[in-house]
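[1] Sequence and predicted structure below; questions after.
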Amino acid sequence: MSSAELVLGERVMLIDAKDRHYLITLRADAAFHTHAGIVQHNDLIGALEGSLVRGSTERSFLVLRPTLSDVVLKMPRGAQVIYPKDLGAILMQADIGPGMRVLEAGVGSGALSMTLLRAGALITGYEIREDFAQQAIKNVHDMMGTDVAYDVHIRDVTQGIDETELDRIILDMPEPWDVVNHAEHALRPGGILLSYLPTINQTQLLRETLRQHSFGLEETVEILRRTWHIDGRSVRPDHRMVAHTGFLTSARRLVRRVESVESVESV
């Protein structure tokens with residue numbers, strides 16, 4: 001369990017009076033400059049998480065350790081990250097748990113990797129762009145340290161999957177239907193394939209391809225997130241919401257393709 005006191009070298013989140021969030025790493029004798037004033041890192045080191053600290057203009061900043069969601073939205077990125085609302089749904093839809101062997105293809109900036117690792121999964125990553133892979137590895141290590149089960153390879157998953165008896169395969173790439181045949185042989189029976197796609201046309205093609213292989217129990221969902229403004233008796237939905245970001249499609253690897261439980265019982 002972390003101490004309540006903030007320490008040298010850790011990441012913290014500063015939040016100003018207008019709810020702007022700033023992610024910084026604490027360094028001795030350093031300073032963080034904003035239009036609202038300068039915050040000295042030495043004033044943060046040793047402070048209690050949840051404290052208010054004053055900047056050079058006497059304006060206050062709330063200091064907290066960042067959540068995973070904070071880091072995902074604020075960390076350096078090469079590729080676009082999957083939003084936190086979808087990351088949580090992926091954990092449930094793909095049923096990620098401790099010790100599961102997961103192939104993640106298209107690691108991007110590492111947001112999904114962090115989420116899977118936090119759930120206890122053992123990750124093998126395939127990424128075709130070396131710059132994306134290096135950024136993902138750095139982001140993961142900055143957030144979680146280097147002692148994590150995260151092995152990233154520069155390779156094209158559409159050309160094949162070396163691993164076998166995988167528990168899960170998670171795809172964040174534009175043409176996942178080109179991976180279905182490889183996934184059929186790499187997943188253990190009962191394993192789950194999940195794909196994140198931005199358009200319904202891509203999703204439809206993936207679903208058609210899944211039906212041509214030993215997959216079943218397909219499901220496609222879209223997650224919409226709407227926050228609410230609550231201030232005394234003033235209660236209404238916020239003016240902005242995070243609506244469509246992508247479609248999550250999952251399917252189970254079967255011993256052979258079946259149309260329904262009833263069709264199996266009639267054989």
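    Ah, there it is.

[2] Which helix or which strand is home to Thr115?
    Per DSSP states H and E, Thr115 falls inside helix 111-118.

[3] buried ones in that helix?
    111-117 (16 or more other Cβ atoms under 10 Å). The C-beta positions use only the backbone N, C-alpha and C, and glycine is treated the same way.

[4] which other helices and strands contact whichever helix or strand comes after it?
    Sequence order places strand 122-127 as the next helix or strand after helix 111-118, per DSSP H and E. Strand 122-127 sits against strand 101-105, helix 111-118, helix 130-144, strand 150-154, with contacts defined as 3 or more Cβ pairs under 8 Å, 6 or more residues apart in numbering; DSSP states H and E.

[5] Residues contacting the second one, please?
    When contacts are taken as Cβ atoms under 8 Å, 6 or more residues apart in numbering, the neighbours of helix 111-118 outside the stretch itself are 68, 71-72, 75, 77, 81-82, 87-88, 90-91, 96, 102, 104, 107, 123, 125, 136, 139-140, 143-144, 148-150, 170, 172.

[6] Report the separation between the residue nearest to Ile137 when sequence neighbours are not counted and Leu52.
    Spatially, and ignoring its direct neighbours in sequence, Ile137 is nearest to Val152 (5.8 Å; Cβ to Cβ, 6 or more residues apart in numbering). Val152 is 40 Å from Leu52, where distance means Cβ to Cβ, to the nearest Å.

[7] between the two, who's got more neighbours?
    It is Val152, of Val152 and Leu52, that has more neighbours when counted by other Cβ atoms under 10 Å, with 21 against 10.

[8] Assess the claim that that one and Gln135 are in contact.
    No. Using Cβ atoms under 8 Å, Val152 makes no contact with Gln135, being 10.6 Å away.

[9] rewinding a little: check contacts around the residue nearest to Ile137.
    107, 124-127, 133, 136-137.

[10] which of those residues lies closest to Leu62?
    Distance to Leu62, by Cβ to Cβ, is smallest for Ala136 among those, at 29.6 Å.
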